[in-house]
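Enquirer: Return atomic coordinates for the entry below.
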Amino acid sequence: MALFGIFSKKKKEKLDKGLKKTKENVFKKLTRAVAGKSKVDDNFLDNLEEILISSDIGIDTTLKIIDRLEARVAKDKYFGINGLNKMLKDEIAGLLSENQSIENTNNWNSNNTNDPYVIMIVGVNGVGKTTTIGKLAHQFKKDGKKVYLGAADTFRAAAVEQLDIWAKRAGVPIVKQKTGADPAAVAFDTLKSAKTNNADIVIIDTAGRLHNKKHLMDELSKIKRVMKKIVPNAPHEILLILDGSTGQNAFEQAKQFTKATEVNAIAVTKLDGTAKGGVVIGISDQFKIPVKYIGIGEQIRDLQVFNKKEFVDSLFK
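Expert: Presented below is the predicted three-dimensional model:
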């Protein structure tokens, strides 16, 4: 079953609006770089490299794109701004297609059991973890799924209260304990309650800190071990939340969390407020982990399943 329904015209308009700052930042510079050029030469490619890096695509991914573009214009032909845009669009779309190793769909009962599908959320504080959980819960419920939330970020003051507010907004049950409680115990109780009540999906929040990587790794490992006592294959998905507006800091966070636990999906938030939306392309390329969701606004409906074709189209529209 496809997540969150079809990609409608309304969703596309929202995506266009959400990526507006990135588009304007990149293509305003591109237009200046192309002005007066009669061919794609080394000087132009150097300028293009600088433009792509400044949009936080990242150095390694930028070099891949430049290499691909050079191969396309090996005979020094000049294609004009429209032709250049099409070539860039094709090469970036191709890069994303290669790195999106799974489709953004879920088979909720792939193990032929009545167990819920368990998503464990990881990421540092401030990236939009709680907001993303609330938006996911809302949209899953809208799709007819029975959702439970587990407030296992018991470390940060007010984290449980914030998740509780989002649970109420989404209209879904939440399992919680007081600040300082054992996160693994919260996760255990959540899965036990969800399974008893025939839930389809469980979303478990976790503490967002990286100051002690070993402690983080130990805590996440303990949460996973405890959840497996209730649902043997849990968690089915470890979703890393990254703040797109932080640019290269998002790369560093991805590096740390992928070392700490087996991240198999990524959500990039806050793309509407930044010109650094190119980070989605770089993260997808460098970590070979599917970008599954993107956040393009503050409202409860402003979380979209990442559609690589529509994403690239919005950048080059």
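Enquirer: hey, let's count contacts and neighbours off CA atoms from now on
Expert: Noted.
Enquirer: A275 contacts K28, correct?
Expert: No - the criterion here is CA atoms under 8 Å, and A275 misses it with K28 at 11.7 Å.
Enquirer: Compare neighbour counts for those two and give me the winner.
Expert: Neighbours per residue (other CA atoms under 10 Å) separate A275 from K28, with A275 holding more: 22 against 12.
Enquirer: need the contact list for that one.
Expert: Under the criterion of CA atoms under 8 Å, 6 or more residues apart in numbering, the neighbours of A275 are L19, K20, K21, T22, K23, E24, N25, S55, S245.
Enquirer: And the spatially closest residue to R72 that is not a sequence neighbour, how far from G94?
Expert: Closest residue in space to R72, ignoring its immediate chain neighbours: M87 at 7.8 Å, by CA to CA, 6 or more residues apart in numbering. Computed as CA to CA, to the nearest Å, the M87 to G94 distance reads 10 Å.
Enquirer: And for L242?
Expert: In this view, L242 and G94 are 23 Å apart by CA to CA.
Enquirer: which one of these two has more residues nearby?
Expert: Taking neighbours as other CA under 10 Å, L242 and G94 compare with L242 leading, 31 against 14.
Enquirer: Tell me the secondary structure at the more buried one.
Expert: At L242 the chain is in strand, as set by DSSP: H, G, I helix; E, B strand; the rest coil.
Enquirer: pretty sure it contacts G123?
Expert: Yes - between L242 and G123 there is a contact under CA under 8 Å: 6.6 Å.
Enquirer: Which pLDDT value belongs to A157?
Expert: pLDDT for A157: 78.
Enquirer: And for V122?
Expert: 96.
Enquirer: How about the contacts made by it?
Expert: K129, D205, T206, A207, G208, I238, L239, L240, I241, F257.
Enquirer: so which of these is the most crowded?
Expert: Ranking the contacts of V122 using other CA under 10 Å puts I241 first, with 32 neighbours.
Enquirer: about what we covered before: shared neighbours of L242 and G123, anything?
Expert: Q253.
Enquirer: Which stretches in this protein count as strands?
Expert: Assigned by DSSP state E, the chain shows strands spanning 117-122, 147-151, 174-175, 201-205, 237-243, 265-269, 291-295, 303-305.
Enquirer: what's the domain layout of this structure?
Expert: 9-99, 117-307 (automatic domain parsing).
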